[in-house]
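*Asks:* Whatever this is, show me its structure:
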Amino acid sequence: MIRTNLNAALAYARRGRAVFPVADRDGRKVPLTAHGFHDATADEATVTEWWTRWPCAWIGTPTGQAAGIVVLDIDTKNGVNGWDALEEMGVLPLADTWTATTPSGGVHVYFQHPGFHCKTVANQLGRGLDTRGDRGSILLPDGDTRRWDPHLRPGRCELTPLPAWLVSWFRRENEPPPAATPIRRPANDNGALAPYATAALDSAAEAIRRAPAGKQEATLNGEAFSIGTLIGAGLMPEGFARRVLVWAGCQMASHRRGQPWRPDEVERKVSAALKAGAAQPRQVVNHG
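*Replies:* Residues are numbered from 1 along each chain as shown. Reported below is the predicted structural model:
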């Protein structure tokens, strides 16, 4: 039998997997049904009608509790490699479970849904990492542009439970966010900073605090170097800037299991980056 998207969609439907058609619209994945993944079905007559009308449509399927799956989408494109974030988190290798490749070289890793809300988000778990859970969907392999791993596929291996580190992350994400904590700046003995310098320090501290997995060290070093160039230009006292940036670095979420960011480690990195930046003073144009 010649493999077509219709045959592939029917094969999923016969195994009880609800599907819906998706098209490529200028690089965007657009559902072809009125209500997107909400219209997904395993009814063979409906599936046949859809893929007869749209024979080249991709095969979408809902994710989340009703579907029984959560998918970790690992991107490797546009200079981003989600495997780097997973390595920094200390969670490699991943368990043997259903795994598929994508046209861009990414990987979709399927897990059992744990039975509580799992959010569908992009780049919040880490740079290059998306999660497809409740109120989400994913494109299933069609044997052409997307393929199952020959050994890690339905019928060849089990769909494994969501790993403990992802369970913990989803549970933390379900907790109400803490109240925003203002930056507690030490007293500045040298007087108030210029508005430009204050804004730059605010921006650097916030970028460090929110740095995602796979980008934390680079963000800490880059932002501290940038502030160092202001110190070198005489626009900011070095001691004050270091204390603020170290405080911000200690607020970074720990993605390394059992290895939180230590104040001495953060201060060492900040101090080195500030020194390197100060050696290359920023040229500030005076418009007065």
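
*Asks:* Now do the contacts for Trp98.
*Replies:* Contact partners of Trp98, counting by CB atoms under 8 Å, 6 or more residues apart in numbering, are Val109, Tyr110, Trp148, Leu152, Arg153, Pro154, Cys157, Leu159. Yep, even glycine has a C-beta here, placed from its N, CA and C like the rest.

*Asks:* Can you classify the first one as helix, strand or coil?
*Replies:* Three-state assignment for Val109 (DSSP: H, G, I helix; E, B strand; the rest coil): strand.

*Asks:* Quick one: mean pLDDT over the helix or strand where Phe240 lies.
*Replies:* Element membership for Phe240, per DSSP states H and E: helix 238-250. For helix 238-250, mean pLDDT rounds to 90.

*Asks:* List the buried residues in that helix.
*Replies:* Glu238, Phe240, Ala241, Arg242, Arg243, Val244, Leu245, Val246, Trp247, Ala248, Gly249, Cys250 (16 or more other CB atoms under 10 Å).

*Asks:* can you name the two of the contacts of Trp98 that are farthest apart?
*Replies:* Pairwise distances across these peak at 13.4 Å for Val109 and Pro154 (criterion: CB to CB).

*Asks:* ok, those two, which is more surrounded?
*Replies:* Val109 (22 against 16; other CB atoms under 10 Å).

*Asks:* Looking at the buried residues of helix 238-250, which is nearest Val167?
*Replies:* When the buried residues of helix 238-250 are compared against Val167 (criterion: CB to CB), the nearest one is Cys250, at 25.8 Å.

*Asks:* so the closest one touches Trp261, yeah?
*Replies:* Yes - using CB atoms under 8 Å, Cys250 makes contact with Trp261 at a distance of 6.1 Å.

*Asks:* low-confidence ranges in the stretch 1-150 of the chain?
*Replies:* 1-3 (pLDDT under 70).

*Asks:* scratch that, the stretch 151-288 of the chain
*Replies:* Judged by pLDDT under 70, the stretches of the stretch 151-288 of the chain that qualify are 176-191, 254-260, 284-288.

*Asks:* which element is the spatially most central residue of the chain on?
*Replies:* Centrality entry for the chain: nearest residue to the mean C-alpha point is Asn123, 2.1 Å, by CA atoms, centre = their mean. Asn123 belongs to strand 121-126 when assigned by DSSP H and E.

*Asks:* can you list contacts of the helix or strand containing Val70?
*Replies:* Val70 is part of strand 69-74, with elements assigned from DSSP H and E. Applying CB under 8 Å, 6+ apart, the external contacts of strand 69-74 come out as 63-64, 82-83, 86, 94, 106-114, 118, 125, 128-133, 136, 138, 159, 162, 166.
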